[in-house]
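Trainee: Have a look at this prediction, sequence included:
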Amino acid sequence: MTDPALSRIRRGVSLSQVVADRLRRAILSGAFPEGAPLPEAQTAARLGVSRVPVREALVELERRGLVEFDAHGRSRVKSFTEEDVAEILGLRAALQAMAAGLAASRLTPQDVGRLESLLARAARTHDLTKFSALDSAFHDEIVAIARHRRLSRAWTDLRSQMDLWLARLHRRRESARHDVRPVTLASHREIVEVLKTRRPEAAARRLRKHCGGLALEGFL
């Protein structure tokens, strides 16, 4: 079955952004696996566009950390080294701990409602790619609740690479244990309950534990 992200694109505005979004979705879903080549001509033909928006999209995805170019200018899906993963995990844990501490002291009933709505949506989906996206959205919301502009910018810079790491992690764990949804949902529900206590230090500790949990179990 053809991945919808790789269907032909209808003509419209900002083609390079449409192409970038399609390629991003295909990379996160695993339609383009780690290290897969992304030849401009073939990708353009598949999407029904010229090579120019494809080239622009690939440059944009390189900036986000999802694509890499070799010395000859050929692009491929990003492969993470052990050092890459260590940096992503360390920064993710630090930013989420900081966000949780701030969020706990600034939480409103409306904030709780948005978090619980995300949990409800995640509980209803059985599509692993969509579940991974909702997992990321939950953590986005914690950053938003923190109401800290520079923290938000730092999180945005990390977001695409974190999405890619998380999507790959979820697929590996689901293949091995078939428990990604219940484990993640249970942990997220605990996070909401800790945030509701309005204890910043406890919230920060809980997020550090959550961010490091899967890594400590060897699913990198």
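Mentor: Right, received. Where do you want to start? Keep in mind that what you see is a predicted model, and the values were worked out from it rather than measured. Numbering: from 1, shown residues only.

Trainee: What about residue 34? Give its phi and psi, please.
Mentor: Here the main-chain torsion angles of residue 34 (degrees, to the nearest 10) amount to phi -50, psi 130.

Trainee: Which residue ranges of this structure form helices?
Mentor: In the chain, the helices defined using DSSP state H lie at 15-29, 40-47, 51-64, 82-106, 109-124, 128-146, 149-177, 180-196, 200-216.

Trainee: Would you single out the least confident of the ones you listed?
Mentor: Here the lowest mean pLDDT among the helices of the chain goes to helix 200-216, at a mean of 86.

Trainee: Can you name the residues that contact the residue nearest in space to the middle of the chain?
Mentor: Ranked by distance to the mean C-alpha position of the chain (Cα atoms, centre = their mean), the top residue is residue 163 at 1.8 Å. Counting by Cβ atoms under 8 Å, 6 or more residues apart in numbering, residue 163 makes contact with 28, 132, 133, 136. To be clear about C-beta, it is placed using only N, CA and C from the backbone, and glycine gets the same treatment.

Trainee: give me that answer again for 10 Å
Mentor: For residue 163, the set of contacting residues under the criterion of Cβ atoms under 10 Å, 6 or more residues apart in numbering consists of 24, 27, 28, 64, 65, 66, 132, 133, 135, 136.

Trainee: which residues touch the third one?
Mentor: Think residue 28. Contact partners of residue 28, counting by Cβ under 10 Å, 6+ apart, are 5, 66, 129, 132, 133, 136, 160, 163, 164, 166, 167, 168.

Trainee: and what of the fourth one?
Mentor: By Cβ under 10 Å, 6+ apart, the residues touching residue 64 are 20, 24, 78, 157, 159, 160, 161, 163, 164.

Trainee: Just the buried subset of those, please.
Mentor: With burial judged by 16 or more other Cβ atoms under 10 Å, the buried subset of the contacts of residue 64 is 20, 24, 78, 159, 160, 161, 163, 164.

Trainee: tell me the two of those that are most distant?
Mentor: With Cβ to Cβ as the measure, no two of the buried ones among the contacts of residue 64 lie farther apart than 20 and 161, at 15.0 Å.
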